[in-house]
Every structure is written in structure tokens, then in C-alpha cells.
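Asks: Got a predicted structure here, sequence first:
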Amino acid sequence: MIPLDSQQQACLADLAQQIKDLAKDYGFAATGISSVDLGEHPAYLKKWLDAGYEGEMQWMHRHLDKRCDPAELEPGTLAVVTLRMDYLPPETETVKILGKPEKAYISRYAVGRDYHKLVRKRLAQLAKALNQRLDALPELREAFPELKSRAFTDSAPVLERALAQQGGLGWIGKNCMLITPKAGSWFFLGELYLNLPLPPDPAFGRDHCGQCSACHSACPTDAFVADGVLDATRCISYLTIELKGSIPEELRPLMGNRIFGCDDCQLVCPWNRFAKPTAEKDFHPRHQLDSADLVDLFAWDETTFLKNTEGSTIRRTGYISWLRNLAVALGNAPGSTEVIQALQARADHPEALVREHVSWALKQHRL
């Protein structure tokens with residue numbers, strides 16, 4: 001990188017503030033800027049992978065060098081802008097649904113439209129606006145004639161929470177979520193990798209979890225093996241989304257009515273009392289997915305599943321896993337006539353994975 005004079009450095013500092021101001025216009029609630037140094041986070045990731053806590057998520061081993069070094073993923077990267085977009089929908093009776101075993105619980109981030117497209121679109125708009133601002137700063141444009149930027153949101157080997165912590169947006173809590181004092185943890189993260197040496201914000205150094213361990217106590221499957229250490233193979237989010245095979249029998253009764261993801265560790269986090277409902281309409285519930293009956297969802301054929309999950313992150317689990325998850329939830333539901341008939345209607349399903357979980361569910365009802 002070419003050396004910069006004091007005027008250029010002052011322009012970069014001003015540009016960093018402009019980025020934060022612009023980000024608000026595109027729906028981002030907070031912005032942090034970090035260098036490409038991820039501190040102790042890469043070492044933690046390698047230790048976690050060595051312990052085998054990733055389960056079938058073998059993709060986490062691929063491109064490990066790029067995951068741990070932004071400049072390896074995108075050559076020329078000198079700074080990373082991390083942005084927060086809140087997603088908590090308006091009142092969706094979250095806790096009440098968990099207390100109604102005949103209902104389906106879907107993680108709150110997934111009841112609306114897929115966040116990937118929306119966040120990436122806003123990041124692209126922000127990058128375009130940044131390029132225009134750079135045109136108004138000839139001192140910097142001369143040093144950086146081409147702005148190189150690349151946007152990510154949970155879509156590449158990126159240590160999002162590490163970058164957010166390094167950029168001052170919050171700390172990684174005992175539940176492994178990024179937590180910010182003013183907004184809890186109900187938010188998405190997105191990143192802009194830039195070839196500009198923007199001055200980094202101070203890293204968020206203090207852990208505010210204190211003696212609280214509510215998240216560990218609330219985890220239905222005891223997936224936390226230590227503070228900030230999650231055994232993904234026991235996590236309901238992993239079991240219902242990432243795992244493509246059979247769900248371990250000993251964990252099925254613990255899943256309750258959770259059919260896609262799990263929010264329990266966030267629901268009990270004291271910091272989430274500061275979370276505010278999102279203003280983004282795309283994150284509001286669709287197709288009544290925040291309060292649907294298990295039996296109704298289990299009746300969907302594949303065409304209906306694809307139609308009702310169009311533009312939704314739920315699609316990534318696939319129709320067969322969707323039926324598998326619902327079968328487990330129906331096995332945990334009260335044994336009504338409707339539940340029994342729904343399960344029996346799928347007992348001869350052509351997919352062995354579905355038949356196995358339906359058979360288990362019927363046994364829970366002594367059938």
C-alpha cells in the first residue's frame with residue numbers, strides 16, 4: 001500500500017463516518033469497521049473444528065485460510081465494514097407458540113423472506129454510494145483510482161461475528177451469538193470488503209454476559225459444552241437444517257415443536273429486552289408461518305412447499321427434511337385424531353428417511 005499523507009488520512013476518517021451515515025439510509029442499524037486482523041478468533045475456530053463440533057458441516061474446513069484472513073478471500077482487502085440489520089418481526093407470539101405443541105415453531109429469522117438477497121442488495125447500493133463519495137474526494141481517488149468492494153452476508157467463508165466484534169459492534173456471548181448492549185442479538189450481519197485503509201473502530205473488548213448462564217439452562221438439547229462453545233451436532237438448528245440424514249433418536253423428544261431452527265438461547269437472553277421490532281416488511285411473517293399448525297404444514301405436497309417457501313430461507317432444508325422435522329414434532333405433539341391420521345397418511349412415504357421418522361412418531365403415540 002502506498003504511504004498516505006495527513007490530509008489523505010483525514011479524508012479516510014471522514015469517509016468512514018460517511019459510510020456509517022449512509023448505512024442508516026439503507027436500513028442498517030449499526031456499522032463497525034475493522035482491519036483484516038481477526039485476533040484470536042481463527043485459533044478458536046481451528047480448535048472448535050478439531051473437536052469435531054461441526055458435525056456434517058464439512059464445508060467449514062474448506063477455504064479455512066480464506067475464512068481466517070479476509071485478504072486471502074479477497075486480495076487487496078484493507079478494511080472490512082460490518083453492518084447490522086435487525087430482523088425481529090412485530091409481535092409473533094414467539095413464546096406462546098413454543099407452549100402450544102400442536103403448533104409449528106420456526107426460528108424468527110426464517111418466517112419472512114430470505115435475508116440474503118435483501119442484505120446483499122443493500123450492501124451493493126451502499127458500495128455504489130461509497131464510490132460516488134470517493135469521486136468527491138480527489139485526494140483519495142488519486143491514491144485509489146478503483147474502489148474494489150465485495151459484499152457478503154452468510155454467503156462465503158467469512159467469520160462474520162469475529163469481524164463484528166473486531167469492529168466494535170458487540171461481544172460474542174456464552175450462546176455464541178453476537179450481542180450488542182442496545183439491541184440484543186436479533187439481527188443479521190453483512191460485510192463489505194474494501195481496498196481502502198479505513199481507520200478501524202476499537203474492538204468490543206468487554207464481555208457483558210457476566211455470571212448469567214440462562215442460555216445454557218434453556219437449551220433443549222444441552223448443546224453448549226462450555227461458555228461460548230457449541231456442539232453443533234446437538235443443536236436443533238443444526239439438526240433441522242444442516243443435518244440431511246436421520247436425527248438421533250435420543251434428541252427427538254427434546255426438539256418439541258421446533259421444525260426449523262431454534263431461538264431458545266436468544267429468547268432467554270436478558271439483553272434481548274432491548275431489541276426492537278424490525279421496520280423491514282420483508283422480515284415480517286408470510287403464509288402464517290409464525291403460527292401454523294403442524295398438521296397443516298405436514299399436509300403440504302412438494303409443489304405447495306416450493307410455492308410457500310419461494311423467496312424463503314426455509315427452502316434450503318428441502319422438502320424431505322421438512323417432512324422429517326414435522327414428523328418428529330408430530331411425535332412430540334398431543335395424540336389427537338388429526339395428528340394420528342396425518343402421520344398414518346405418510347407411513348408409506350416413498351422416502352425411507354420420512355418413513356423412519358413417521359414410524360418413530362407413531363410409536364410415541366403407542367401405534
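Replies: Perfect, thanks for sending it.

Asks: buried residues in stretch 25-36?
Replies: Buried residues in stretch 25-36, counted by 16 or more other CB atoms under 10 Å: Tyr26, Gly27, Phe28, Ala29, Ala30, Thr31, Gly32, Ile33, Ser34, Ser35, Val36. No exception for glycine: its C-beta is placed from N, CA and C like everyone else's.

Asks: With respect to Thr153, which of those residues is nearest?
Replies: Phe28 (11.3 Å; CB to CB).

Asks: element containing that closest one?
Replies: Phe28 belongs to no helix or strand when assigned by DSSP states H and E.

Asks: give the contact list for the closest residue to it other than its chain neighbours.
Replies: Sequence neighbours aside, Leu83 is the residue nearest to Phe28 in space, at 4.2 Å (criterion: CB to CB, 6 or more residues apart in numbering). Counting by CB atoms under 8 Å, 6 or more residues apart in numbering, Leu83 makes contact with Ala23, Phe28, Ala30, Thr31, Gly32, Leu123, Leu126, Leu189, Gly190, Glu191, Leu192.

Asks: so what's Leu83 bridging to?
Replies: With DSSP bridges applied, Leu83 shows beta-bridge pairing to Thr31, Gly190.

Asks: Which pLDDT does the model give it?
Replies: Model confidence at Leu83, given as pLDDT, is 98.

Asks: do Arg206 as well
Replies: Looking at Arg206, the pLDDT reads 83.

Asks: Thought Gly170 was touching it, still the case?
Replies: No - applying CB atoms under 8 Å as the test, Arg206 and Gly170 come out as separate, 10.2 Å apart.

Asks: circling back: and of the contacts of Leu83, the nearest to Pro145?
Replies: Of the contacts of Leu83, the one sitting nearest to Pro145 (CB to CB) turns out to be Leu192, at 18.7 Å.

Asks: For the closest one, which three-state class applies?
Replies: Following DSSP: H, G, I helix; E, B strand; the rest coil, Leu192 is assigned to strand.

Asks: ok now do it, which residues does it touch?
Replies: So, once contact is read as CB under 8 Å, 6+ apart, Leu192 ends up touching Val80, Val81, Leu83, Leu123, Leu126, Ala127, Leu130, Ser149, Arg150, Ala151.

Asks: can I assume the last one sits in a strand?
Replies: Read that as Ala151. Yes - looking at Ala151 with three-state DSSP, it is inside a strand.

Asks: nearest residue to it other than its sequence neighbours?
Replies: Leu123 (3.6 Å).

Asks: Of Arg206 and Gly170, give the one with the bigger neighbour count.
Replies: Between Arg206 and Gly170, counted using other CB atoms under 10 Å, the more crowded position is Gly170 (25 against 7).

Asks: Identify the residues contacting that one.
Replies: Counting by CB under 8 Å, 6+ apart, Gly170 touches Ala164, Leu178, Ile179, Thr180, Pro181, Phe204.

Asks: just the buried members of those residues?
Replies: Ala164, Leu178, Ile179, Thr180, Phe204.

Asks: Could you report the pLDDT at the first one?
Replies: The one in question is Ala164. With respect to pLDDT, Ala164 has a value of 98.
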